[in-house]
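below is the sequence, then the predicted model.
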Amino acid sequence: MNEHDRPLVWLHGEIRTPPFSDEARLEAGYLLRRLQRGESLSLPHSRPMSVIGARCHELRVADHEIDWRIVYRLDHDAVVILEVFQKKTRTIPDTVMAACQRRLKGHDSA
């Protein structure tokens, strides 16, 4: 990491092997590193999640038969990680969205 990179701020979740495969963990790390360096990612790697909040997105990491999602927000000084979860349905569960919004509210008020 160099002095111009945004740090990762973990509010929840982790990326470990297991449950991630080695390949998926490396892919997630590579994508997060690109975000730290200020790159903009789009589909198929990332998509906006404005329903959670402004500047919120989800990283999409395919892992054999499991699809992982990493919900994050791009702040001017950090990449804030809100949640890491297995995507099992076409929509994000309401509990995940509510937890992300609650974590953002707590982070912003701190």
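Cool, got the structure.

going by C-alpha atoms from here, please, whenever you check contacts or count neighbours.
Will do.

quick one: contacts for V80?
Counting by Cα atoms under 8 Å, 6 or more residues apart in numbering, V80 makes contact with L8, V9, W10, L11, Y72, R73, L74.

of those residues - the most surrounded one?
For these, the largest number of neighbours (other Cα atoms under 10 Å) sits with Y72, at 29 neighbours.

just the pLDDT at that one, thanks.
Model confidence at Y72, expressed as pLDDT, equals 98.

ok so, going back, quick check, nearest of the contacts of V80 to L26?
L26 has its nearest neighbour among the contacts of V80 in L8, at 15.8 Å by Cα to Cα.

you'd agree the closest one is up against D77?
No - L8 is beyond contact range of D77, at 9.4 Å (criterion: Cα atoms under 8 Å).

mind listing which of the contacts of V80 are in strands?
L8, V9, W10, Y72, R73, L74 (DSSP state E).

list the contacts of the residue nearest to the first one when sequence neighbours are not counted.
Translated: L8. Distances taken as Cα to Cα, 6 or more residues apart in numbering place V79 nearest to L8, at 4.9 Å, with adjacent residues excluded. If a contact means Cα under 8 Å, 6+ apart, then V79 has R6, P7, L8, V9, L35, Q36, Y72, R73 as its contacts.

what's the answer for P48, then?
P48 touches R55, C56, H57, E58, counting by Cα under 8 Å, 6+ apart.

just flag the most distant two among the residues you listed.
Between any two of the contacts of P48 (Cα to Cα), the greatest distance is 10.3 Å, for R55 and E58.

count of neighbours near R55?
12.

got the phi/psi numbers for G38?
phi 90, psi 10 (degrees, to the nearest 10).

ok, it touching N2?
No - the criterion here is Cα under 8 Å, and G38 misses it with N2 at 11.9 Å.

higher neighbour count, these two?
G38 (16 against 8).

per-residue confidence at that one?
pLDDT for G38: 94.
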